[in-house]
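K.L.:
Quick one, what's the 3D model for this:
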Amino acid sequence: MTWEKGTQTFECEGCSTVWRAEYINLPVREKGRFECKDCGTLVIRWNGGVDYSNFQRVDTNEA
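P.N.:
Predicted coordinates for the structure are as follows:
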């Protein structure tokens, strides 16, 4: 069985930092949260058949 995986971006509502995370859809419920490493604001909380990991800051100045 293969599960869908990829990347998704999120913008922090507190400081507008953009974060990219890897995700994988799972056949079981997964629970977690990510808080902005710059300002501490909750960026995303999940509780379902998806898991996020490897959050990396996105350089919004890239051409």
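
K.L.:
Helix or strand for I24, just tell me which one.
P.N.:
Taking DSSP states H and E as the criterion, I24 maps to strand 18-35.

K.L.:
Return the list of helices and strands in contact with that strand.
P.N.:
Strand 18-35 sits against strand 5-11, strand 42-57, with contacts defined as 3 or more C-beta pairs under 8 Å, 6 or more residues apart in numbering; DSSP states H and E. All C-beta atoms are positioned from the backbone trio N, CA, C, and that covers glycine.

K.L.:
Report the buried residues of that strand.
P.N.:
Neighbour counts over strand 18-35 (16 or more other C-beta atoms under 10 Å) mark 19, 21, 23, 34 as buried.

K.L.:
same check, this time on stretch 45-63
P.N.:
50-52, 55.

K.L.:
Out of the residues you listed, flag the one nearest to I44.
P.N.:
Y52 (6.8 Å; C-beta to C-beta).
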